[in-house]
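Participant: Coordinates only, no sequence provided:
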């Protein structure tokens with residue numbers, strides 16, 4: 001019998017993707033049935049027909065499996081960011097990355113809705129979701145800074161990536177109350193607001209006064 005380790009490279013990678021997908025599906029199903037706090041790694045492993053040791057080869061804990069964390073998604077986003085046209089604005093690049101990611105979400109909108117419902121219900125899942133999002137933002141911000149020719153610690157790339165992420169989160173939150181409006185249309189609205197500056201009438205002198213107060 002061929003194992004993941006002994007299989008040829010192409011087949012091995014396919015087997016790994018299949019195993020990860022099986023674990024994520026089992027974790028989500030059990031979390032919906034029993035509640036995320038009542039599911040164990042052992043139950044998820046058994047439902048996916050793998051060992052507990054195999055589970056921990058893919059996920060550090062059950063919350064990552066329930067949330068459907070896939071490192072390949074971040075790698076694809078980084079590749080798309082680096083391959084974006086040179087003249088494309090940073091915010092436009094983020095919108096295009098999100099548009100491509102939305103294709104996968106829209107193909108399985110039920111799963112995305114179920115995961116989001118669990119996140120809202122479970123403080124533990126919400127905490128992990130926030131932590132994962134922050135880590136993804138950190139990695140994407142570093143890549144965006146490099147693309148923009150700015151230092152890794154520069155605020156602007158971080159702000160652009162964080163604003164784009166927040167736009168997506170708000171769109172998903174609002175979608176359930178927005179009737180027939182799609183997540184995509186809500187994201188578009190959010191990005192147009194970002195592009196217009198959100199608040200064109202912002203009093204910039206308040207920043208100057210705050211800066212002066214900090215120096216006194």
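Facilitator: Yep, that arrived. On a predicted model such as this, the values are computed, not experimentally measured, just so you know.

Participant: and residue 160, what is it in contact with?
Facilitator: Taking C-beta atoms under 8 Å, 6 or more residues apart in numbering, we find residue 160 in contact with 90-91, 94, 144. In short, each C-beta sits where N, CA and C put it, glycine included.

Participant: Please read the previous query as pertaining to residue 175.
Facilitator: Residues near residue 175 by C-beta under 8 Å, 6+ apart: 181-183, 186.

Participant: quick one: the residue sitting nearest the centre point of the chain from residue 140, how far?
Facilitator: In the chain, the residue lying closest to the centroid (C-alpha atoms, centre = their mean) is residue 133, at 5.6 Å. To residue 140, residue 133 is 10 Å away according to C-beta to C-beta, to the nearest Å.

Participant: So for residue 129, what's the pLDDT?
Facilitator: What the model reports as pLDDT for residue 129 is 88.

Participant: Wait, it touches residue 69, no?
Facilitator: No: under the criterion of C-beta atoms under 8 Å, residue 129 is not in contact with residue 69, lying 9.6 Å apart.

Participant: now stretch 155-173: how far from the chain's centre is it?
Facilitator: Relative to its parent chain, stretch 155-173 has a centroid offset of 11 Å by C-alpha atoms, centre = their mean, to the nearest Å.

Participant: Centre of the chain to stretch 160-179, how far?
Facilitator: Centroid separation for stretch 160-179 versus its chain: 12 Å, with C-alpha atoms, centre = their mean.

Participant: buried sites along it?
Facilitator: Within stretch 160-179, the residues that qualify as buried are 160-165, 167-168, 171-172, 175, counting by 16 or more other C-beta atoms under 10 Å.

Participant: In TSV: these, plus secondary structure and pLDDT.
Facilitator: Formatted as TSV, these follow (DSSP: H, G, I helix; E, B strand; the rest coil; pLDDT from 0 to 100):
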residue	secondary structure	pLDDT
160	helix	96
161	helix	96
162	helix	95
163	helix	95
164	helix	94
165	helix	93
167	helix	92
168	helix	88
171	helix	87
172	helix	80
175	helix	74
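
Participant: Of the contacts of residue 160, which pair is most distant in space?
Facilitator: Greatest spatial distance among those (C-beta to C-beta): 91 and 144, at 10.2 Å.

Participant: Looking at these two, which is more packed in?
Facilitator: Neighbours of residue 91 and residue 144, each counted by other C-beta atoms under 10 Å, are more numerous for residue 144; the result is 26 against 16.

Participant: For that one, give me its contacts.
Facilitator: Residue 144 makes contact with 81, 90, 93-94, 157, 160-161 under the criterion C-beta under 8 Å, 6+ apart.

Participant: cool, residue 183 as well?
Facilitator: Listed by C-beta under 8 Å, 6+ apart, the contact set of residue 183 reads 102, 105-106, 171-172, 175.
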